[in-house]
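>>> Okay, predicted coordinates and the sequence, questions at the end:
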Amino acid sequence: GDSVTQMEGPVTLSEEAFLTINCTYTATGYPSLFWYVQYPGEGLQLLLKATKADDKGSNKGFEATYRKETTSFHLEKGSVQVSDSAVYFCALSASSNFGNEKLTFGTGTRLTIIP
Amino acid sequence: DAMVIQNPRYQVTQFGKPVTLSCSQTLNHNVMYWYQQKSSQAPKLLFHYYDKDFNNEADTPDNFQSRRPNTSFCFLDIRSPGLGDAAMYLCATRPKWTHNEQFFGPGTRLTVL
């Protein structure tokens, strides 16, 4: 079945440090890939997405590239801020029944940025 | 703004006392999902509606039921909450015919005393 393997947390970085959170996946067909962010006490917000191989999703300084050859979708940001502290979930959407897709989530990575 | 709304944001119930959580959306999306999220875990899909078609996950306890009276509203009923049902409950929506993202509500935090 489909699965997402995500970098274990928690991750603690200093402000302005470079961030990488690794994500690899296993899926049949051609999944869409997502990064969601969850701030304390809130629901999930879409951070970025990519729907086909070699697509790069980007938002708020975060980037991730859909790499089919390595089945990866690593999240990166060049200079993190305290406000980036949150839990990040990598997810994929794939279905053998088009139109009825479900999300498969990774376990989440808690990121804390210290001033 | 179009959005997914969940009420209440915080719900306290007693052990065994039925509780209903609600979700509404102004996005006019065909698909609606209910997730359970426990502390430090990923969301776990309970069930979803594709239009009026109900799809239950195989491991969702019978204690959990859902209703979708129209496109805009969806309810999660917990018939006899146990202590293990304390969690954040997330509602999400998605338009059909897309390989696209889900839009999440802010969640309802359920406490069982």
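Done, it's in.

>>> Quick check: the gap between B:T108 and chain A.
Distance from B:T108 to chain A, counting by Cβ to the nearest Cβ, to the nearest Å: 10 Å. Where C-beta positions appear, they are placed from N, C-alpha and C, glycine not excepted.

>>> can you pull up the bridge partners for that residue?
Beta bridges link B:T108 to B:Y89, judged by DSSP bridges.

>>> Flag every residue of chain A that's near chain B.
Neighbours of chain B within chain A, by Cβ under 8 Å from any Cβ of the partner chain: A:32, A:34, A:36, A:41-46, A:49, A:51, A:89, A:93, A:98-103, A:105-108, A:110.

>>> Among those, filter down to the buried ones and hand me the PyMOL syntax, if you would.
Here is the PyMOL command that picks out the buried ones among the residues of chain A next to chain B, judged by 16 or more other Cβ atoms under 10 Å in any protein chain shown:
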select buried, chain A and resi 32+34+36+42+43+44+46+49+51+89+93+101+102+103+105+106+107+108
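
>>> Please flag which of the residues of chain A next to chain B sit within strands.
In this view, the residues of chain A next to chain B that belong to strands under DSSP state E are A:32, A:34, A:36, A:44-46, A:49, A:89, A:93, A:102-103, A:105, A:110.

>>> Format those residues as TSV; extra columns: pLDDT.
Formatted as TSV, those follow (pLDDT from 0 to 100):
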residue	pLDDT
A:S32	91
A:F34	95
A:Y36	97
A:L44	94
A:Q45	94
A:L46	94
A:K49	95
A:F89	97
A:S93	88
A:K102	83
A:L103	90
A:F105	94
A:R110	96
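
>>> Contact partners for residue 19?
All of this is about chain A. By Cβ atoms under 8 Å, 6 or more residues apart in numbering or on different chains, the residues touching A:L19 are A:V11, A:L13, A:L75, A:E76, A:K77, A:V80, A:D84, A:L111.

>>> sorry, should have said chain B
Contact analysis of B:V19 by Cβ under 8 Å, 6+ apart lists B:Q11, B:T13, B:D77, B:I78, B:P81, B:L110.

>>> Over to B:K52?
B:R68.

>>> what phi and what psi does the backbone show at A:P40?
phi -50, psi 130 (degrees, to the nearest 10).

>>> Just give the nearest non-adjacent residue to it, would you?
Excluding its sequence neighbours, the residue lying closest to A:P40 (Cβ to Cβ, 6 or more residues apart in numbering or on different chains) is A:A86, at 7.6 Å.

>>> For residue 71, grab phi and psi.
Here I'm looking at chain A. Dihedral angles for A:T71 - degrees, to the nearest 10 - are phi 40, psi 60.

>>> Check A:P10 too.
When read as degrees, to the nearest 10, the backbone of A:P10 gives phi -70, psi 160.

>>> pLDDT score for it?
With respect to pLDDT, A:P10 scores 95.

>>> Surely it is in contact with A:G108?
No. Using Cβ atoms under 8 Å, A:P10 makes no contact with A:G108, being 10.0 Å away.

>>> can you tell me which residues contact the spatially most central residue of chain B?
Residue closest to the average C-alpha location in chain B (Cα atoms, centre = their mean): B:W34, at 3.0 Å. The neighbourhood of B:W34, defined by Cβ under 8 Å, 6+ apart, consists of B:C23, B:L45, B:L46, B:F47, B:H48, B:S66, B:C74, B:L76, B:Y89, B:L90, B:C91.

>>> That one belongs to a strand?
Yes. Applying DSSP: H, G, I helix; E, B strand; the rest coil, one finds B:W34 inside a strand.
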